[in-house]
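> fold the following for me, if possible:
(chains A and B)
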Amino acid sequence: MAKFIFSDTMKCNGCGICELICSWYKEGSFDPLLSRIKKTRLGLANIATACRFCEEPPCVVQCPTKALTQKDNGIIDVNKEKCDGCGWCVDVCPYGAINIHPDRFAIICDLCDNDPQCVNVCPTDALILVDQDELSNYINYDLIERDLGGDV
Amino acid sequence: MKNIILLMIDLGSGEKYTERLDEDYIAGYLGVKLLKDNVGKDVEPLSPENLLVITTSPFAGLPIPCSGGIGIYSKSPLSGYIGESYLFGTFGDRMARSNYDIIAVKGVSEKPVYLYIDDSSVSIIRADKLRGSSPWMTEKIIKESLNDPSVGVLSIGPAGEKSVKSSTIYSDLQYTRSGLGAVMGSKKLKAIAIRGSGGLKPKNPGKIMDLYKSLTNKIAEAYGGIDLINNLVNYNLPGHNFKKASVEEKKGFTSLIDQIQKYKLKKESFQQFPISFSTLYQVDGITTPVTLGGIAIGVLNGIYNADTIIKAEHLCYSLGIDPLSMAVVMSLANELKERKEPISSDIGWGKDKESLDFIKSIVNDDNIFANGVRYAADKFNAKDIAMHSKGIELSIDAFIDKDLAFNTAVSPSGAYFGSKDFAKSHIYNFLGIYPAVHDFYSDEYIYQLYTSITGDRDFDIGLLKTDVISIEREFNIQQGWNEEDDMLPSRIIDELFGDKDNFLSRRQDFYYFMKWNKDNE
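Predicted coordinates for the structure are as follows:
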């Protein structure tokens, strides 16, 4: 089962350095919109999401221009010539892990040649490589269901 | 460095315009200058003519740890002088990616509204449905209605809407001081939401990453394992209304700080902060940050029940009230009660429920305490027990540390954010660096960071210091400031400086060091 990047919700503090390092390493600009990893906040939990290298990836199956293919190691390859940036993959990805570059092509995590820069720089060691079965060990569902506030 | 772009919005007429300022300078400095050029002595802080100015940091949106904070400036309704505060997190990041470096708001809207800034487009949106909402509920509703959870939001609560003078502007678990929420409320401006999509391309990103690692390691070493509230047991905290604490009071707050650990939920951080400085607590279905303000409510008023303190801080957050100010206003009320003054509250030292009721009542019409500690004390002829500097209620920092007390006295805003080194912290605030980490940054780091961003090797922090340090003071002088305003309550002076002469002598040395002469030049 392919391992992908995920955040331990008890460790991730939402600082966003993962998005900045990713966009700089891949695109030469500090810009969360160009990041292959996305930081989100659900309730009181901070979660970082990247491609999970699904076994039957809907983005590949449903790509209208056949621009996406999956390599043997699970990584999704984007053919920039074929991709027109329609965003269908963004819509069908169940994890919200795909972005569209302003130059109209999909950007998807490729684990930086097995040396993921975001994992290296994460200041709280929250980013980890896990597979789908291990995932639930790192999600704190209680935090996700909480919000700030309440009545006195 | 690109030129600074100003966005000016008049909520009275709905007019919006942008202006490219000639100077490629620090936005914070230009923001205060804008205030100085437009807000004279005759302008009332809560009148349409006052400006609310928000400025970006040159370090925002970049991997520069614990920085990128926005500066918020206005003429303060509590002091009548410069009001300033710095908020960190998402708003500053998004603002750095938008087209604007300074946002200035004037006028009063006819109906409650919020502003939505999307890169360069600016919308004024009706906010009738947000009326009476807490800041965090306001933020949640705005994010849902814009269908974008990533926007940065500044918002006020019910207290700001009613222009309670110690109202705050809230963002990412932090609040402003100086009554800036009341200025925002007086303009019928409930919130500002910002989305910015620009990428940032500094000249030398590799160097910035090196500096990120070195600074983050230094800050993590000092703060990574520390619980800031727990750490307060190591300090000499004040007792009732800033009197020296008795043995019983000391036992009380040691027990409070001990108990509160049981309610800890998690540490929390925000954009650009690799180290967490906020902690969330929970009790009876309530989840809230507890800050120095909540602890101040406890120690200054003899409330040592952690449950009550968490609820008190939560109430302040929900109403959009500065808990540091609330702590001081409440202890004035308690001391007035002790003096048998006819105040309309059942409050008393250590009375839990009555203290929470006191906080809730701050938004009631005609509540004398809603005008701040200085005003309320004047009404009861009790200036001697009003614990403020220039009308801004004192933080308990000003009792814990003599240098922080002194810096509070001479701070143009009457509130002090930073280290013991006044001159250094003053400029680092303008650069948007978090006050608790000023000691880890140095002028050398600033030079390296600035030149890595801009490529301008002629950057001279010395010149910047001279300008920045004087601009807030110049604003104050224009409003009628005099040396007597750089003062602390006698309770603090007696405790920390021995007598007034010692304080005045230190102040004279300070003016000399800062090259601030008596004729205010």
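> for B:G157, give me its contacts.
B:133-135, B:138, B:167-168, B:170, B:181, B:317-321 (Cβ atoms under 8 Å, 6 or more residues apart in numbering or on different chains). (Glycine included, C-beta is placed from N, CA and C.)
> in what helix or strand does B:V328 lie?
helix B:323-338 (DSSP states H and E).
> what segments of the stretch 51-200 of chain B are strands?
All strands of the stretch 51-200 of chain B, identified by DSSP state E, counting those that start in this stretch, fall at B:52-55, B:70-75, B:82-87, B:102-106, B:113-118, B:121-126, B:152-155, B:170-171, B:174-175, B:189-195.
> in TSV: those strands, plus distance to chain A.
Putting the strands of the stretch 51-200 of chain B into TSV (distance: least, Cβ to the nearest Cβ, whole Å) gives the following:
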stretch	distance to chain A
strand B:52-55	20
strand B:70-75	16
strand B:82-87	16
strand B:102-106	21
strand B:113-118	13
strand B:121-126	17
strand B:152-155	12
strand B:170-171	10
strand B:174-175	13
strand B:189-195	11
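> can I get those in CSV including mean pLDDT?
Below are the strands of the stretch 51-200 of chain B laid out as CSV (pLDDT from 0 to 100):
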stretch, mean pLDDT
strand B:52-55, 98
strand B:70-75, 98
strand B:82-87, 98
strand B:102-106, 98
strand B:113-118, 98
strand B:121-126, 97
strand B:152-155, 98
strand B:170-171, 96
strand B:174-175, 96
strand B:189-195, 98
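> check chain B for me, the residue farthest from its geometric middle.
B:K340 (33.7 Å; Cα atoms, centre = their mean).
> which elements pack onto the longest helix seen in chain A?
Scanning chain A for the helix with the most residues, using DSSP state H, yields helix A:17-27. Applying 3 or more Cβ pairs under 8 Å, 6 or more residues apart in numbering or on different chains; DSSP states H and E, one finds that helix A:17-27 contacts strand A:38-42, helix A:117-121, helix B:205-223.
> can I get the ones you listed in CSV with mean pLDDT?
What follows is the helices and strands packed on helix A:17-27, written out as CSV (pLDDT from 0 to 100):
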stretch, mean pLDDT
strand A:38-42, 90
helix A:117-121, 96
helix B:205-223, 94
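> what's the most buried one of those?
Neighbour counts (mean count of other Cβ atoms under 10 Å in any protein chain shown) averaged over each of the helices and strands packed on helix A:17-27 peak at helix A:117-121, with a mean of 19.
> following that helix, which helix or strand shows up next?
Downstream of helix A:117-121 (by DSSP H and E), the next one is strand A:127-130.
> name the residues that touch that following strand?
A:3-8, A:12, A:18, A:48, A:116, A:118-119, A:137-138.
> and which of those is nearest to chain B?
Using Cβ to the nearest Cβ, A:C12 is the member of the contacts of strand A:127-130 that lies nearest chain B, at 9.1 Å.
> pretty sure that closest one sits against A:L44.
No - counting by Cβ atoms under 8 Å, A:C12 does not reach A:L44; the two are 11.4 Å apart.
> those two: who's more crowded?
A:C12 (23 against 20; other Cβ atoms under 10 Å in any protein chain shown).
> state the distance from that one to A:C18.
The gap separating A:C12 from A:C18 is 9 Å, by Cβ to Cβ, to the nearest Å.
> overlap in contacts, those two.
A:K39, A:A48, A:L127.
> got the contact list for the nearest residue to the last one once chain neighbours are set aside?
The one in question is A:L127. Spatial nearest neighbour of A:L127, chain neighbours left out: A:V119 (4.5 Å); criterion: Cβ to Cβ, 6 or more residues apart in numbering or on different chains. If you count contacts by Cβ under 8 Å, 6+ apart, A:V119 has them with A:I5, A:L127, A:I128, A:L129.
> so how far is chain B from the second one?
Shown here: A:L127 relative to chain B, a distance of 12 Å by Cβ to the nearest Cβ, to the nearest Å.
> apart from its neighbours in sequence, what residue is nearest B:K351?
B:I303 (7.9 Å).
> ok, the one you found touching B:I309?
Yes - using Cβ under 8 Å, B:I303 is in contact with B:I309, at 6.4 Å.
> give me the more crowded residue out of the two.
Counting neighbours by other Cβ under 10 Å for B:I303 and for B:I309 shows that B:I309 has the greater number, 31 against 25.
> by mean pLDDT, which helix or strand of chain A comes out lowest?
Ranked by mean pLDDT, DSSP states H and E, the helix or strand of chain A with the weakest confidence is helix A:141-144, at a mean of 88.
> I meant chain B, not that one.
Ranking chain B's helices and strands by mean pLDDT, DSSP H and E puts helix B:461-478 last, a mean of 86.
> sounds good, over and out.
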